[in-house]
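Student: Return atomic coordinates for the entry below.
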Amino acid sequence: MAHLLNADRIGLTYPTTVVFEAVTCGLDDGDRIGIVGRNGDGKSSLLNLLGGRLAPTSGQVTQRTGLRVGFLGQGDDLPDDPATSVGTALFGTRETYQWASDPAQRAIVDGLLAGIGLEQAVGALSGGERRRVALAAVLVGEWDVLALDEPTNHLDLEAIWWLAGHLKTRWGPRSGGLLVVTHDRWFLDEVVQTTWEVHDGAVEPFSGGYAAYVLARVERDRQAALAEAKRRNLMRKELAWLRRGAPARTAKPRFRIDAANALIADVPELRNPVALHQMAMARLGKKVIDLEDAGFAYGGTPVLRDVTWRIAPGERTGILGANGAGKSTLLGLVSGALAPTSGRVTRGQTVRVGVLDQTYAGLDEVADDLVRDVIARLKTTFTVDGRDLSPAQMLERLGFSSAHLSTRVADLSGGQKRRLMLLLVLCEEPNVLLLDEPTNDVDTDMLMALEDLLDSWPGTLLVISHDRYFVDRVTDRQYVVADHRLRHLPGGIDEYLRLATTGPAPAPASREKPPSSPVGEQRALRKQLGTLEAKMTKAGAAIDALVERLHAVDPADWQRLHALGQDLDEARRRHADLETQWLEVAERLEG
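Tutor: Numbering: from 1, shown residues only. Modelled structure (predicted):
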C-alpha cells in the first residue's frame, strides 16, 4: 500500500494554548479516515496540518512527491469576484461540452447543485448554496487525497446519501485517501474505515466507523475505570495493612472482557414511552395542536397545502424533506409564527411552544454579556430525570466548563451558542419543543449529551434535521414534506430515500385474481393481510436473531460488526417494506 503523507511528532502551540504535542500519524493509499472529537480540541487544525494549509510549530508533515490534495475548509475557496458564475467557479474556462461529456462530472453537478443554476453569480448565493458549490468545486478536481471539513453541513438527506456513495466509489479499494471531519454519525459509519479521536493534544486511532469507535471507546473507558478501581482497592488494602500491622489476606482480583452486549446489559431503555406519554398528558391534556387542511403561500406561490395533522401529547416526530420543501414553514404554522393562508391551526389551552431555530438571533440582546450573567437571570431549577438541576448544572450537562461561564456570549463557538440557545428555550418551560436543525455545529460527544437530555424531556417533540442518526435516535416516527404536502413514512428514513431516488413504489399486486364481488374482494384482502402479518412476524424474528448475533461479536472484530450491521439494515428494510404493504392493503380494506 503506497504511502501518501505522514506527520512525524508534530506539535501546534499558540501563546495561550497547546493544541498538539508530538503527534505521529499517516495516510496510505486506500485509507478512509474520519476525525472526531470535541469542539475546540483541534480536529480542523489537524486537517489543516495534514493538508498543508497550516505549518506545525514542531515536527514535520511530509507528502509523497507530486501528491494532489483537494481541500474543503470551514470557509471556501470560491472566487472573490461576486459576479463570477457558478459554472466558472466549478470548471474555470472549460467549455460546457468538455465537462458535460464526463458522467462523473455530471453526477457531481446533479448530486449537489439541484436548484442552483450554473449561470447564477456566486455573489447571489445563500450561505448554504455557497457551501454546496464549494464542495462541488473540490469534488470535480482530480485528487490523490481529499481533506474535507464538515462536508455534510447544509446538505439535505438526499445529498448526504449521494455524497457517501460518491466517496465510496470515487477511487478503487486500494487507491486514494480520504480525511473527513464530521459530526454526522451515519455518514461516518457509511464512509470511513478508521476513526481518529482528537483529544487532550493527542490523536487516538480506532478501527471502523462511528459504531465500532463507540464500542471501542466504551471498552477503553471500562478498562480504565477497572484499573482505577483496582488501584484504589490496593491503596485501601495497603492502608488497612498499615493500620493493623499485618498483611491482609485477600482474594486476587479477577475480571474478564465480555462481548459488546455485556457493556450495555444493565443500560435501561432509552426512553420509557408510557411514562413520558403520561407526563405529557398531565402537562398538555388531550389536545395539543391540530392542523386541518392547512396551507401556506408566499405571494400566491404555494409552499404547503392540505396539511391535516393532529399532533399528540408526547409525540416525537422527525420532519424530513429536501432543502426548500417547506419544513421550516411547517414548524412556523405549528408554532404560530405563521398564520395559515388556507385551512386552520388550533391549539390546546395549555400549550406552550418553545422553538430552537436555525439562527442565533435570540442571543443578539445578550451578545456582550458573560455567560454566567445570562444564566443568573434564569429560573432557579430544572427537573431532569426526577432531579432538580440549577441553570449552571444544566449548562454543564450541555458541555460547558466553569471557564466558559466567564466568556462573552459573542465569543462562544457556533456549537456553544446552539447549546446556550437550547438552554434559554428550555428555561421557558415549553411543553411542545420544536427543533430546527439542532445538530448544526455540534460535535459527536455533545450530540450524545443532547440526545440524553431529550430522552427524558416529557413533552411533544418535533425535529427538523438532515442528521439521520439523530432523527432515528430521538424520534419515534417520521414525516416528509414533499410536493407541498405532509406524508407519513412508515418505513422511516430508508423509505424517504427510496421515494426521493426512485419515486413512489407501485402498490403490491395480489397473487390472486380479485373476486368480482365486494364480499369476495374483502375476503381476499383479509387473506393478504394475514399473509403479510405472518411475513412481518418472521422478518421481526430475523431482526431479533441478528441483534443477538451482533451483541455476541467481539467488539474488536469491527469487520464482523460491520457485516452483521449491514445484514441488520437489510432485514429492517425488508420489515419496513412489508409494513408499508400491510398499511396499503389495510387502507384498501377500510375503504
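
Student: From the chain's centroid, how far away is the helix or strand containing Gln581?
Tutor: Secondary structure from DSSP states H and E places Gln581 in helix 558-590. Remark: helix 558-590 is offset 21 Å from the chain centroid, using CA atoms, centre = their mean, to the nearest Å.

Student: which helices and strands sit right next to that helix?
Tutor: helix 210-244, helix 492-502, helix 518-551 (3 or more CB pairs under 8 Å, 6 or more residues apart in numbering; DSSP states H and E). Placement of C-beta: from N, CA and C, glycine included.

Student: Average pLDDT for that helix, rounded please.
Tutor: Taken as a whole, helix 558-590 carries a mean pLDDT of 74.

Student: List the buried residues for that helix?
Tutor: 558, 561-562, 564-565, 568, 571-582, 585 (16 or more other CB atoms under 10 Å).

Student: so what's the residue nearest to Val198 when sequence neighbours are not counted scoring on pLDDT?
Tutor: Of all residues not flanking Val198 in the chain, Gly37 sits nearest, at 3.6 Å (CB to CB, 6 or more residues apart in numbering). According to the prediction, Gly37 has pLDDT 88.

Student: what separates Gly37 from Tyr14, distance-wise?
Tutor: To Tyr14, Gly37 is 17 Å away according to CB to CB, to the nearest Å.

Student: Over to Arg220?
Tutor: 29 Å.

Student: Give me the more crowded residue out of these two.
Tutor: The residue with more neighbours, out of Arg220 and Tyr14, is Arg220; 13 against 9, by other CB atoms under 10 Å.

Student: Spatially central, which residue of the protein would that be?
Tutor: Central residue of the chain (CA atoms, centre = their mean): Asp467, 3.2 Å from the mean position.

Student: low-scoring stretches of the stretch 351-500 of the chain, by residue?
Tutor: Scanning the stretch 351-500 of the chain for pLDDT under 70 picks out the ranges 379-380, 382-386.

Student: tell me the most buried of the helices and strands packed on helix 558-590?
Tutor: When the helices and strands packed on helix 558-590 are scored by mean count of other CB atoms under 10 Å, the highest mean neighbour count falls to helix 492-502 (a mean of 18).

Student: Dump that helix to PDB, keeping only the CA atoms.
Tutor: C-alpha atoms of helix 492-502 as PDB (Å, rounded to 0.1, in the frame of the first residue of the first chain):
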ATOM      1  CA  GLY A 492     -38.700   5.900   8.200                       C
ATOM      2  CA  ILE A 493     -35.600   7.400   6.500                       C
ATOM      3  CA  ASP A 494     -35.000   4.400   4.300                       C
ATOM      4  CA  GLU A 495     -38.400   4.800   2.800                       C
ATOM      5  CA  TYR A 496     -37.800   8.500   2.300                       C
ATOM      6  CA  LEU A 497     -34.600   7.900   0.400                       C
ATOM      7  CA  ARG A 498     -36.300   5.300  -1.700                       C
ATOM      8  CA  LEU A 499     -39.000   7.700  -2.600                       C
ATOM      9  CA  ALA A 500     -36.500  10.600  -3.200                       C
ATOM     10  CA  THR A 501     -34.400   8.500  -5.600                       C
ATOM     11  CA  THR A 502     -36.900   6.200  -7.400                       C
END
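
Student: between it and helix 558-590, how big is the angle?
Tutor: Calculated by axes from the mean of the first three to the mean of the last three CA atoms, to 10 degrees, helix 492-502 forms an angle of 80 degrees with helix 558-590.

Student: for helix 492-502, the distance to its chain's centre please.
Tutor: With CA atoms, centre = their mean, you get 17 Å for helix 492-502.

Student: now stretch 73-83
Tutor: Its chain's C-alpha centre and that of stretch 73-83 lie 27 Å apart, by CA atoms, centre = their mean.

Student: what comes up buried for that stretch?
Tutor: Gly73, Asp76, Leu78.

Student: Let me know the average pLDDT across that stretch.
Tutor: Averaging pLDDT along stretch 73-83 yields 84.

Student: measure that stretch end to end?
Tutor: For stretch 73-83, the first-to-last residue distance is 22 Å (CA to CA, to the nearest Å).

Student: So that it lines up with my notes, have the first residue be 26 from now on.
Tutor: That works, and once the first residue is 26, the last one we named lands at stretch 98-108.

Student: For that stretch, which outside residues touch it?
Tutor: 69, 72-73, 78, 96, 109, 113-114, 146-149, 155-156, 158-159, 162, 174-175 (CB atoms under 8 Å, 6 or more residues apart in numbering).

Student: change it to 7 Å
Tutor: Under the criterion CB atoms under 7 Å, 6 or more residues apart in numbering, residues Ser69, Ala114, Ala146, Val147, Gly148, Arg155, Arg156, Val158, Ala159, Ala162, Asp174, Glu175 lie in contact with stretch 98-108.

Student: now swap in stretch 205-220 and tell me
Tutor: Stretch 205-220 has contacts (CB under 7 Å, 6+ apart) with 56-61, 68-69, 72, 173-177, 185, 189, 192-193, 230-236, 238, 464, 467-469, 472, 492-494.

Student: what about that stretch, distance to the chain center?
Tutor: Distance, centroid of stretch 205-220 to centroid of chain: 10 Å (CA atoms, centre = their mean).

Student: do stretch 104-121 as well
Tutor: 32 Å.

Student: ok, the spatially closest residue to Leu593 that is not a sequence neighbour to Ala139 distance?
Tutor: The shortest distance from Leu593 to any non-neighbouring residue, by CB to CB, 6+ apart, is to Leu571 (4.6 Å). To Ala139, Leu571 is 35 Å away according to CB to CB.
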